[in-house]
Each structure stands twice: as structure tokens, then as C-alpha cells.
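Trainee: Give me the fold of what follows.
(chains A and B)
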Amino acid sequence: MKIVVFVKLVPDLVEELTVDPGGTTLDTTWLRMIINEFDDHAVEQAILLKEKTSTQVIVIAPDFDGVDEVLFTACAKGADQIIKLTGDFSSINNHALARAVASRIKILQPDLVLTGVQANNDIDGSIGPALAACLNQPFVGYVSGVTLEDNTAIVQKEYPGGVIAEMSITLPAVLGIQAAEQPPRYVAVSKVRQVMKTSNIDEQPLDELDNSGFPEVTRMFQSETSAHAEMITGSPDEIADRLVSVFKEKGILQRTNR
Amino acid sequence: MSNLETANAIFYNKIQEATQDGEKLRNCLQCGNCSGICPFGYVMIYPPSRMIAEVRANRFEKILGTENIWMCVSCYACTSVCPAQIPITAGLMTGAKEELLLAGNVPSELQAALEYSQRYGNPLGESPRKRADWAREIQPEVKLLGKYRQPVDVLWFVGDYPSYHPRVQHIAQSMAKLLNALNINFGILGPEEYSDGDSQRLAGERGLFEMLAEKNGQAFNKYDFKEIITTDPHAYNAIKNEYPKLGFSFPVRHYTEFLAENIEKILPFLKNEINARVTYHDPCYLGRANNIYEQPRSLIQNLPGVELVEMPHNLKNSLCCGGGGGGMWLDGFQWEKSHVRLSEWRIQEALSTGANILAVACPYETSRFEDAAKNIDKTGQLRIRDIVELLVESMGV
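Mentor: Below you'll find the predicted structure:
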């Protein structure tokens, strides 16, 4: 059994984000990148599966500032192989990334692909379904538990309102991980440093990226304050009257003749 | 030999190396003093003396199977009373935490602080770029050594909590005002300063400590200064006793030592009466770990209108605030295990002296004791103040 985990780095919100003077992207001068939290869970879920069923785990990530540390940390946690995809990712989007990464994943022929269910810089939708489409495989998102049985994965998918569904998927498949079965583990710095000395990152250059299908960003801006809330005061009767008239003004309430 | 027996043998060897005396653990008399004085000894399945007995009996794996060790607040109480002079805190307790951490057995609260320290250089998870933001309003401006690029007399190592914690930033601001009033030529590292790493080390994260120490050491090497002063006793302990082992040796003093030496210069400024009965809490890493007891007290006694009273536990026998050795990041965990807060115990003692002010000299303590006082001090009698805040209050600057 072979699992590929696709991991990407996203803007770290510890620094305030500023918009580039061009007005359509983030200013990257002070931007720090951090592993997408959901991808971190995807790595943890893969390692948990490895511990239960001795599967092979391969972690693959595009080259962003700080990616080496992310990959070595995954290795220290138990990943068997770490791959860094190199190329120009300055204007990357999930359409282009999914196509490029899928071409690499096809060569690896995994039974299961795990990735985070979403990321804070998903402008054009999350990457999991796009990967699944490129690989022509089934996809389940919002997954918070995985069990492997022969060529089947039994997954727990989370729905709003605290509802969880259990599904069975025939492998190979792609899963969007919402949460691993336990929080991502801690690895001591000394362990990561040791891995840096003994392990290698497999660097694979990507061909030119195909950006087609990506929506054009016309303006990026900080949230703006617009209309303020109206505070309704008075006696319960007055408040009720005012509420009814507001609902009527907004067209939510209509007089019906029965 | 089974794996577990091997684990014990490896650990035993490591401990013996750490103590720089292979016979130290064997010297244990099993008198139990360490377990008796440990502030959390009564909730530990394996308090220090029993841990030593198990290690000697080749049963270290029993300890590894418990969460016992995360109750240790590295307060040095056990070490200070050991008649066989076994370095229990630095050797046995820290070594056991290292083993648990390497095995991935870390409470999640602590994990977050360690990850933040690794990523941002501070355990609070704040932006490293904002490390000197507390100083914005201070006049004359606090010099950032990276910008100032001229020799200074004092490199002030501000520390994590004074840099970021909203309550403790007031201590950093008071310190800056005081140094300015005394016309001291000082500078800070600002965004080039990283966590001193001492509490992370004592929480078992040796590699992280070394990483942080290297970054600070390299920054120290860049600038021209005569000595380092620290706000934080943990930073003082690290720079004085641990950084030299990594090749970074610099003269360093805690601010209470520095100010006590400069008391003649301070005295003319002390105008306002404090009018209070003050009791002083000895921080573990100033007192027990580094034998600094007199300087903080002399500063307090020089404050006009102050009567200094002692708590039942004082000097070498001081009680820990609960923040050391990772305790600062294990509040929830330790509460769950013990349903006791060491900081509340200390507040009860402070109240028993009739004091109006509990004076402290460690940045962990103001917020810990103020939170504890909210629970314990129903009349609102007790104020918690760092010594430097009291000095500045009296100076009126």
C-alpha cells in the first residue's frame, strides 16, 4: 500500500497581510509561509495509517520558502520519501498546481492521495477535487478518520450540525482531510536536525505550468466597513412593531389574504 | 536485553553523564527530602526519590509510561535540599522530560509553546517583527542595535513576556524609563532577539534550546557592548550558565544586580512614597538556582515608605510560582492533575503577611500572581508589582 500526501505552504497569518501596490495579489515582502494546517493533519493521518498498516508514505510539496523544513519534519514523523517540486510558483493557482502535481502522482501510482480539505489561499477552489479530477479518481472531502481494508478505504466525512457519515471508497482515491484522528504530533528539534543530516529531499522540476481555468483577480482589498447595524430599542411591543416593519421593508414578510 | 531494558540502560548512562559524576545517582540515600519539598511531589506517582529508586532498579520504563514528569516545574527545590548533592533538576528531571519528548509524549499545551518558539522565536506565537513594538512610545527612543550600530554599555535582553505580554510590557516600559532616567547607554536587539530558551530546555527540548541560543549568541557577537542585563531570571540563568557551554560567553547580570549596584544614582530620583507593606517573592532562577537574594531586597528597602515583610517560605525555601520548566505552558494540564495552582498558594502566603504589595522580579510572575489573586484575594488588598515598576512609581518618571 502506498500513500501520497500533497502539502502546500500558505501565508502565515502571524504577520498582517498587505496587498501588493498592483492591487491584485498579496505583498510578499514580509510574507512568511507556513504549512497549511489541514495538510499538516493529512500528514498526521498518513503516519497514523502507516503505524497501523505499514503502508509507504510519500510527502510531496511545491517549492516555497520554508518547504525543506516542512519536508524534513514530515520525514522525522515517519514519512518514507519526501519530494520537492521545483519551478516558478510566483503566480500559482490550484488549477495549474493540480495538473502539475497530478502528473507526478500518476508516476508514483499510489493507492491513496491525502491532502488538506482547504487552504487559506484557495482562490479557485480547494485542490483535492481538482487533483481527483486530473487523476480520474473518486474524491471525498471533510474527512476526519480513515481505515484501510484491502482495496477499500472506510472514511468518516463530517457534515454541518455535527453529523458524520461513514463511507466506503474503492481505491485508488483522493481524500480531503479535515482533521487527523489525533492532533499532529510534536517532533523534537534534535530529531529534525538529525533527519536533515541523514535524509535527502528528492527534487523534481516541474514543466511550465498551465494556468488555464483560473479566474482573473480584478481587485484584492482588506474588508471594508459598510452599513452599520440598527439597534432597536424600546418596549417589547415597540421592538416587535419595528421588527415587523423592517421585515416588510426588506420584502421578507408579505401580507397574505386567506 | 529487551528494548525497555535498553531504554533504561541508555537513560541511566545519559543521566550519569549529565551529572558529570557516574556515581551521583548511586549516592542517593533515599532520604526522600526531594519528594517532600517538591511542590507537586504529593501528586506524582514517581516523585524524585522514587524515580531514582526505579532508575537504579532498571525500571525507567515505568516512569516513561506515566505523565508524572510534566508536573515538574524545575524549581530547584529538590536539588537544593539533596544531602548527596545530586543535580536532580538539571540531570534526572530534565533528562526524563527529554526522553518523553523524543518519544513524542508531549501535552498539547506545551507542544504549542514549543512549536511557536521554533517558528517565531517566542513561545507566545507572536510576530518576531513586532518584538520591539512595546517601546514605541518611549522617549528618548530605545536604541535597536541593528539600526544604531554604535557601541553601547549595556545590551538589555528584554525577553519574551516583557516584549509581548500586555501586562508584562509595562515592566519593559518601566525598565526603559528607568535606564533612560539614569542616563545609561543601552540598546536592545529587538527583532534580532529570540527566546532565551531556558524554560524550553528545562521542559526537555534541548535541540530547540540550542537553536535559540545559537541565534542569540550570533546576535551578541555582532554588536559592541560591555555587558548584558536581563529582565528575566530564566534568560539570566541561560546566558550565564548554559550559553558558555555552546561557545557564547558574555558578562551578564540580572537587572536587580545591576540596579542594586547603581543604587546611589537611583536614590536621588526616589521622590514618591510608596506607603505599603511589601513582601517579596524569590524567583526560583534568581534565588535557588543563582543565589541572588539580597539585591532585590535592598532595592525594595530603599523605596520610600516601604516596610519589607517576609512570607513563611522565603529565600532558599521560596515557593515556585508554577511557571518554570514548562509550567508556564502546562497550566491546564497541571490543574487537571492536581486541582491546585502554586501561584494561588503563594498569594495566600502573601496575604497572610498583611502585605499590600507582592513584589516580584521575574516576568512570569506578574500575570501568574495577578490571575491567582483574582481567585484568592476577595478584598482586592494585594497589588502585584515588579520591583522595577515600584522604582519607577517612586521616581514618577
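Trainee: Where does pLDDT dip in the chain?
Mentor: Since you didn't name a chain, this refers to chain A. A:256-258 (pLDDT under 70).
Trainee: think we crossed wires, I meant chain B
Mentor: Counting by pLDDT under 70, the ranges of chain B that qualify are B:1-6, B:16-23.
Trainee: spatially speaking, which residue is in the middle of it?
Mentor: residue B:234 (3.7 Å; C-alpha atoms, centre = their mean).
Trainee: got a list of what that residue touches?
Mentor: Contacts for residue B:234 (C-beta atoms under 8 Å, 6 or more residues apart in numbering or on different chains) come out as B:159, B:196, B:198, B:199, B:285, B:324, B:362, B:364. All C-beta spots, glycine's among them, are computed from the backbone N, C-alpha and C.
Trainee: separation between the last one and chain A?
Mentor: It refers to residue B:364. 22 Å (C-beta to the nearest C-beta, to the nearest Å).
Trainee: hmm, back to that, ok, now how distant is the residue nearest to the centre of chain B from residue B:270?
Mentor: Going from residue B:234 to residue B:270 by C-beta to C-beta, to the nearest Å gives 28 Å.
Trainee: and residue B:30, how many neighbours?
Mentor: By other C-beta atoms under 10 Å in any protein chain shown, 12 other residues sit near residue B:30.
Trainee: quick one, phi psi at the closest residue to it other than its chain neighbours?
Mentor: Leaving aside its sequence neighbours, residue B:30 sits nearest to residue B:49 (C-beta to C-beta, 6 or more residues apart in numbering or on different chains; 5.8 Å). Backbone torsions for residue B:49, taken as degrees, to the nearest 10, come to phi -60, psi -40.
Trainee: burial count for residue B:49?
Mentor: Count around residue B:49 with other C-beta under 10 Å applied: 23.
Trainee: For it, give me its contacts.
Mentor: Contact partners of residue B:49, counting by C-beta under 8 Å, 6+ apart, are B:28, B:30, B:31, B:32, B:33, B:34, B:35.
Trainee: if you set the cut-off to 7 Å instead, what comes out?
Mentor: B:30, B:32, B:34, B:35 (C-beta atoms under 7 Å, 6 or more residues apart in numbering or on different chains).
Trainee: how near is it to residue A:244?
Mentor: 75 Å.
Trainee: what's the answer for residue A:86, then?
Mentor: To residue A:244, residue A:86 is 63 Å away according to C-beta to C-beta.
Trainee: Write out the residues of the stretch 151-300 of chain B neighbouring chain A.
Mentor: B:205, B:206, B:207, B:208, B:211 (C-beta under 7 Å from any C-beta of the partner chain).
Trainee: The third one - how many residues pack around it?
Mentor: Around residue B:207 there are 22 other residues, counting by other C-beta under 10 Å.
Trainee: next one: the last one
Mentor: Under the neighbour criterion other C-beta under 10 Å, residue B:211 is assigned a count of 20.
Trainee: So it belongs to a strand, correct?
Mentor: No: if the criterion is DSSP: H, G, I helix; E, B strand; the rest coil, then residue B:211 is helix and not within a strand.
Trainee: one step back: would you mind putting the residues of the stretch 151-300 of chain B next to chain A into JSON lines with secondary structure and distance to residue B:184 alongside?
Mentor: Below are these laid out as JSON lines (DSSP: H, G, I helix; E, B strand; the rest coil; distance: C-beta to C-beta, whole Å):
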{"residue": "B:205", "secondary structure": "coil", "distance to residue B:184": "34"}
{"residue": "B:206", "secondary structure": "helix", "distance to residue B:184": "35"}
{"residue": "B:207", "secondary structure": "helix", "distance to residue B:184": "36"}
{"residue": "B:208", "secondary structure": "helix", "distance to residue B:184": "32"}
{"residue": "B:211", "secondary structure": "helix", "distance to residue B:184": "31"}
